[in-house]
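Enquirer: Let's see this in three dimensions:
(chains A and B)
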Amino acid sequence: MSYYLQSIQSEYFLFLLYSFTVIEYSFFCYYLYLILPKRGIRKSIPFIWLGFIVFAFIDSTFINKDVGFDSFTSGIESIIIILFCIYYLYTQLKGSNNLLIYSTFNFWVVITFLIYFCGTFFLYLMTASMQHQISFQKQYFIINISFNILKNILLCIAMTMKLNDTVSQQKNAIPKLDDELFFNKKI
Amino acid sequence: MFFLQTTLGVSSVLILGTLGMFFMAITLVSIVVFHQRRVIRFNKQIQKMEEERQQMLLRASIQFQEEERQRIAADLHDDAGPLLATARLYLNENLIHQEPALQLQSIFSAKQIIDDSIQLIRNISHSLMPPTLKNFGLEAAIKDLFDKINGSGVINSSARFHDNRQRLNDEQELLVFRILQELVTNIIKHSSAGFIHLTQNAQGNLVYFRIHHDGKGILQQDFEKMEQGSSGLGLKNIQSRIRVLRGKIYFEIDNTHTYYKVTIEVPREPIK
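Expert: Below you'll find the model as predicted:
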């Protein structure tokens, strides 16, 4: 998407790219903050988030002013999210219960992040220096679209898991008894 | 990165890097999934084994109860029944037609038999719940038990309590008494020991009971094997009582290989 935005000649393009990265990172951080166990690295997520925001601001204002793509910020974002995902998987292994890990919604969302950020890590890292090469642009298009499709497929699976969870919860829930009918009945 | 780009070319670096990272992610996820599956399988196996073990202990406990009931029934039927029947014979309707001397003798004999019956019933009742334990606590009951064993002259036995200021609660005392009783019975029956010595001590919240004997004993691995096997009903009962007490039991031999030691560790629970 950022590449399409780039093709539109806009003076705010870099600002849009940075905003997109920061918002994307913030959402992922918040989601991981919600699902990680209360002890351990979870406490440091807000600080890491703040550090990243400050770094993105410095990078966009002073370092990466004329490059045209936020490669460095995206790379750092990818590394942080990958590390968080690995940590999540580690906590799942450590606190293993009898529920199969791949039957949960959170697992599929986390591996979606992991695979997407792993797959596009090199791509975003090289974009700043290679964006004007035609061969690179073609590869960028193919890799980016492929991983976006994969991400969407994995997120669909995650949604299916959530849907199954909700359906089974509804099945297990005690049916609502229509006592009100009796209480409100005027004799 | 620049070095790689100049030597391999941009597209190679990009494709190799992307594929490498992608496969790393896939490998990581696969490792997590397979490891978790293995852990779950292992947990289920342990759970199953634990369930089987619990079932075996429960079965042993039920069997023990049944045997105890059969023993009491046999005692009542074989001993108390005939005694009371005999007493009834002495006190039959013809007693009034007999001579006074014979009458007196019959009454005396009947009284003797009724006394024996009372004693018998008291013995049965004592074997179910030792009165010393109920009235005076574990220390007195253990000492009483050891005095009785000593009095038989077959085996030399002694018991010494070092720190019993803070007693266990009634339920725990009964369980400990049953465990020690079972252990002592086993030693007498199977070990051909010359002496049994019991020591009690306490450390913090834990109370320790240690039995020493010089007969043929068993070690921890023998105990675990026998406890898991189909035989060893008494040992299974010991184990189930230890579980109820949340305690531990150790079967050891001393360094000189002369004495066997059985140590019971019981955490104190508040007195109810």
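Enquirer: Please count neighbours and contacts with C-alpha atoms only from this point.
Expert: Fine.
Enquirer: Low-confidence ranges, the chain, go.
Expert: All of this is about chain A. A:1-11, A:65-68, A:96-98, A:165-187 (pLDDT under 70).
Enquirer: should've been chain B
Expert: Residue ranges of chain B with pLDDT under 70: B:1-10, B:93, B:230-231, B:271-272.
Enquirer: Distance of the spatially most central residue of it relative to chain A?
Expert: For chain B, the residue nearest the mean C-alpha position is residue B:238 (1.3 Å; C-alpha atoms, centre = their mean). To chain A, residue B:238 is 32 Å away according to C-alpha to the nearest C-alpha, to the nearest Å.
Enquirer: Check the spacing between the nearest residue to that residue once chain neighbours are set aside and chain A real quick.
Expert: Nearest residue to residue B:238 in three dimensions, chain neighbours excluded: residue B:179, at 5.5 Å (C-alpha to C-alpha, 6 or more residues apart in numbering or on different chains). Distance, residue B:179 to chain A, by C-alpha to the nearest C-alpha: 36 Å.
Enquirer: What of residue B:126?
Expert: Distance of residue B:126 to chain A, given as C-alpha to the nearest C-alpha: 49 Å.
Enquirer: Same check on residue B:262?
Expert: With distances taken as C-alpha to the nearest C-alpha, residue B:262 is found 37 Å from chain A.
Enquirer: what does residue B:226 give?
Expert: Going from residue B:226 to chain A by C-alpha to the nearest C-alpha gives 31 Å.
Enquirer: burial count for the nearest residue to that residue once chain neighbours are set aside?
Expert: Once flanking residues are discounted, residue B:226 sits nearest to residue B:232: 5.7 Å by C-alpha to C-alpha, 6+ apart. By other C-alpha atoms under 10 Å in any protein chain shown, the residues close to residue B:232 number 15.
Enquirer: ditto for residue A:32
Expert: Residues contacting residue A:32 under the criterion other C-alpha under 10 Å number 20.
Enquirer: And it, which helix or strand is it part of?
Expert: helix A:13-35 (DSSP states H and E).
Enquirer: which other helices and strands contact that helix?
Expert: helix A:2-7, helix A:45-58, helix A:71-94 (3 or more C-alpha pairs under 8 Å, 6 or more residues apart in numbering or on different chains; DSSP states H and E).
Enquirer: Please enumerate residues in contact with the second one?
Expert: Same thing as helix A:45-58. Applying C-alpha atoms under 8 Å, 6 or more residues apart in numbering or on different chains, the contact partners of helix A:45-58 are A:18, A:22, A:26, A:29, A:33, A:73, A:77.
Enquirer: Find the residue closest to the last one in space, skipping its chain neighbours.
Expert: Meaning residue A:77. Distances taken as C-alpha to C-alpha, 6+ apart place residue A:25 nearest to residue A:77, at 6.6 Å, with adjacent residues excluded.
Enquirer: got the buried residues for the longest helix along chain A?
Expert: Of all segments of type helix in chain A, defined using DSSP state H, the longest is helix A:134-172. For helix A:134-172, the buried set under the neighbour-count rule, 16 or more other C-alpha atoms under 10 Å in any protein chain shown, comprises A:136, A:140, A:143-144, A:147-148, A:151, A:154-155, A:157-159, A:161-162.
Enquirer: That one and chain B, are they touching?
Expert: Yes: counting by C-alpha under 8 Å from any C-alpha of the partner chain, chain B has neighbours in helix A:134-172: A:135-136, A:139.
Enquirer: With distance to residue B:170 added, can I get the residues you listed in CSV?
Expert: Formatted as CSV, the residues of helix A:134-172 next to chain B follow (distance: C-alpha to C-alpha, whole Å):
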residue, distance to residue B:170
A:135, 86
A:136, 83
A:139, 80
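Enquirer: all strands of the stretch 151-272 of chain B, in order?
Expert: Along the stretch 151-272 of chain B, counting by DSSP state E, counting those that start in this stretch, strands occupy B:156-161, B:195-203, B:206-213, B:248-253, B:260-267.
Enquirer: if we can go back for a sec, highest mean neighbour count out of the helices and strands packed on helix A:13-35?
Expert: Of all the helices and strands packed on helix A:13-35, helix A:71-94 has the most neighbours on average by mean count of other C-alpha atoms under 10 Å in any protein chain shown, namely a mean of 19.
Enquirer: Quick one: list the elements packing against it.
Expert: Other helices and strands packing on helix A:71-94, by 3+ C-alpha pairs under 8 Å, 6+ apart, are helix A:13-35, helix A:45-58, helix A:105-130, helix B:10-75.
Enquirer: Apply 7 Å and report the result again.
Expert: helix A:105-130, helix B:10-75 (3 or more C-alpha pairs under 7 Å, 6 or more residues apart in numbering or on different chains; DSSP states H and E).
Enquirer: Looking at the ones you listed, which one is packed in the most?
Expert: Sort these by mean neighbour count, taking mean count of other C-alpha under 10 Å, and helix A:105-130 sits at the top with a mean of 22.
Enquirer: Give me the helices and strands touching that one, please.
Expert: Packed against helix A:105-130, as judged by 3+ C-alpha pairs under 7 Å, 6+ apart, are the following elements: helix A:71-94, helix A:134-172, helix B:10-75.
Enquirer: Could you export the ones you listed to JSON lines, including columns for distance to residue B:207?
Expert: Output for the helices and strands packed on helix A:105-130, formatted as JSON lines (distance: least, C-alpha to C-alpha, whole Å):
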{"stretch": "helix A:71-94", "distance to residue B:207": "35"}
{"stretch": "helix A:134-172", "distance to residue B:207": "48"}
{"stretch": "helix B:10-75", "distance to residue B:207": "24"}
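Enquirer: check contacts around residue A:21.
Expert: Residue A:21 is in contact with residue A:74, counting by C-alpha atoms under 7 Å, 6 or more residues apart in numbering or on different chains.
Enquirer: I should have written residue B:206 there, sorry.
Expert: By C-alpha under 7 Å, 6+ apart, the residues touching residue B:206 are B:265-268.
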